[in-house]
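>>> coordinates only, sequence not included:
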């Protein structure tokens, strides 16, 4: 069947929440009403990346990208674009008056600065169709590996590419595979870590939702390389759409003989199973993840022995994350040298970042390693909303740290980030502006680790709790002399004493904010003042007598009757009664109330 | 749930779930997931049946149930409200959204309203950071919220409920 037009609609979680399914139904209805439903094909795709502008709809062959599409816009798109061939300019993303609509995105920094390797198929193909994946060279890398390469050649190629784990630590992938391949054992396992627990990161979810076959293909390649016939994908239960698409993809691959016995007529067999997580951040740690697949409490254990020697059910096991796997098929097809040509000396290839927080273009971007934070935030991210000042970017989630404005021009790669006291992590990048209190952010992350500590080892279980108590004290205006030093001592002992990666990195958010924003901590402790105006306990609302007209509105709205005065004369706030709810400030029509 | 028959139906369903996974390695967590879908939560009686059916100790079952935040030993509301407190949502004011919900529904984190209609939980990043701040009510995601949007959303569900009655 040949169609004259293709309409691609993003069906990622973001656009689904912004009514993409309703748009699809309307589109089907409108096409049928015009009798052109056989000429236009609707394709449900994965994430385009620019969630902020969603739902996004692209129409080919013109390549017109429409953004913020509402269900009520569908009729116009069908009538104008699909029937009459006129572009609906008001909905175009980017340059609305471009002569060639396909070029309207050329000047949109969000797209033209990206290099899409791991996300190559996201937003391009229908993730529920194996044919579309195959049409984009899907499973060709598996065929090449099985029929033209020996397992050790596969490992050598991955080693040569310089690919490092995209889930956190950045361990060389090829080396990990080699260790597992060296073990002599009838049974070995290939695991995929899709337990993306790092708050603010959603690249793994987007790959699973937009291109699930790439992960399946890569896992089969890994199985061939290390000599394993069984794989497990451990997915968060919070990602229902990803789980559903993976299930569809696995059954399609089995139907096509790309999973199962004697793949491509060789004597290599490989099978895959999905296991759901159940909401425990620590299960992103490799040993905890394997314990959880075994059906137990997901507690980590000491290493060595490393999983490559003794992993799942005590058998040699490799574990890579989703984004790492998504890179594998391309490396085998295009070659290690091509991959090495992207990136910096020690960090090859690209990295996907989930850019969020106080930034205009929130979404998913894939950039070559070595791009600077400034380029990511201003050229791709479109800068900070409301013209506010950039203060810091947080990477690496609860295990990472902050990069302050003074280091905005450092090229992003594994080693530079570690040097700055942060880490790559899985690629969450949260932008913070001048209104963010760094002590409050450190407390937020500690609250997270206290909650998610599995409780097995005391340094993490007790230490993070004590750190959180101190931070809580500091942010509620009860900080004591010596608190900052206590935080530092605790942080060092937890780093050294904790059992797993989660505990060892838990103090990082505190250490890195202390490193760059010590003055903010000191202002909280010594002056009982929150410079960013976030920590409620230290805020003080006062009425500026010169501006107050004595209208009495605020005193009537105050929930605790803390404001009193005489009509037409300046009112006063009784600080002992004030609960700092801010209602007075919101209601005042003369901007006579200030918050300090 | 007042008549005996639907209780029996559920017990039968549970037996089927256990039978389906009996020979799978690491079956406990998948069984608990399906059992919770069936009952809405995991009361002690259900945990006991699972322990017997899979031939593991009740202590192991209880240990796993209490370890993972997605498993609940308390009943949840008909409409389960999850407020994302991931970093992106937090930076964009998810804390205020949570407080507003708590104020309107008069319940705290992890609690359920007296009429059994709503339960309120803070949850981990749902990965819809592009729409921050975000809440989920059952499987529906509401994004780009402000505290002022909350009363309207809750009212929608209350209206839906009174129409159904």
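On my side now, so go ahead. The shown structure was predicted, so the numbers you read here are calculated from the model rather than taken from an experiment. Residues are numbered from 1 along each chain as shown, chains lettered A, B, ... in the order given.

>>> And the lowest mean pLDDT element among the helices and strands of chain A?
Ranked by mean pLDDT, DSSP states H and E, the weakest helix or strand in chain A is helix A:109-112, scoring a mean of 80.

>>> Show me the contact partners of it.
Helix A:109-112 has contacts (Cβ atoms under 8 Å, 6 or more residues apart in numbering or on different chains) with A:49, A:50, A:105, A:106, A:361, A:363, A:365, A:379, A:380, A:381, A:382. Every residue, glycine included, has its C-beta placed from N, CA and C.

>>> Stretch A:293-305 and chain B, any residue contact?
Yes. Using Cβ under 8 Å from any Cβ of the partner chain, stretch A:293-305 reaches chain B at A:293, A:294, A:295, A:296, A:297, A:298.

>>> One more: stretch A:337-355?
Yes. Looking at stretch A:337-355 against chain B by Cβ under 8 Å from any Cβ, the contacts come from residue A:354.

>>> How is the residue of chain B found nearest chain A assigned, secondary-structure-wise?
Nearest residue of chain B to chain A: residue B:130, at 2.4 Å (Cβ to the nearest Cβ). Secondary structure, DSSP: H, G, I helix; E, B strand; the rest coil: residue B:130 is helix.

>>> can you give me the helices in chain B?
All helices of chain B, identified by DSSP state H, fall at B:4-21, B:28-39, B:44-54, B:58-67, B:87-91, B:94-105, B:150-164.

>>> so where's the stretch 101-250 of chain A uncertain?
Scanning the stretch 101-250 of chain A for pLDDT under 70 picks out the ranges A:106.

>>> Around chain B, pick out the residues from it.
Remark: the part of the stretch 101-250 of chain A in contact with chain B comprises A:196, A:197, A:198, A:199, A:200, A:201, A:202, A:205, A:237, A:238, A:239, A:240, using Cβ under 8 Å from any Cβ.

>>> ditto for the stretch 401-550 of chain A
Residues of the stretch 401-550 of chain A lying close to chain B (Cβ under 8 Å from any Cβ) are A:428, A:430, A:432, A:436, A:441, A:444, A:445, A:454.

>>> Tell me the secondary structure at the second one.
Going back to what we said before, that points to residue A:430. Per three-state DSSP, residue A:430 ends up strand.

>>> Report the separation between it and residue A:545.
In this view, residue A:430 and residue A:545 are 40 Å apart by Cβ to Cβ, to the nearest Å.

>>> okay, those two: which has more neighbours?
Legend: neighbour count by other Cβ atoms under 10 Å in any protein chain shown for residue A:430 and residue A:545, higher for residue A:430 (31 against 12).

>>> So that one is in contact with residue A:353, correct?
No. In this structure residue A:430 lies outside contact range of residue A:353 using Cβ atoms under 8 Å: 10.2 Å.

>>> circling back: how deep is the residue of chain B closest to chain A tucked in, by neighbour count?
30.

>>> ok now do it, which residues does it touch?
Applying Cβ under 8 Å, 6+ apart to residue B:130 gives the contacts A:14, A:50, A:51, A:52, A:54, A:356, A:362, A:363, A:364, B:143.

>>> what would those look like in CSV with secondary structure, pLDDT and distance to residue A:264?
Listed next are the contacts of residue B:130 as CSV, based on DSSP: H, G, I helix; E, B strand; the rest coil; pLDDT from 0 to 100; distance: Cβ to Cβ, whole Å:
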residue, secondary structure, pLDDT, distance to residue A:264
A:14, helix, 82, 37
A:50, coil, 86, 38
A:51, helix, 83, 38
A:52, helix, 82, 42
A:54, coil, 83, 39
A:356, strand, 88, 41
A:362, coil, 86, 42
A:363, strand, 87, 37
A:364, strand, 90, 33
B:143, coil, 89, 44
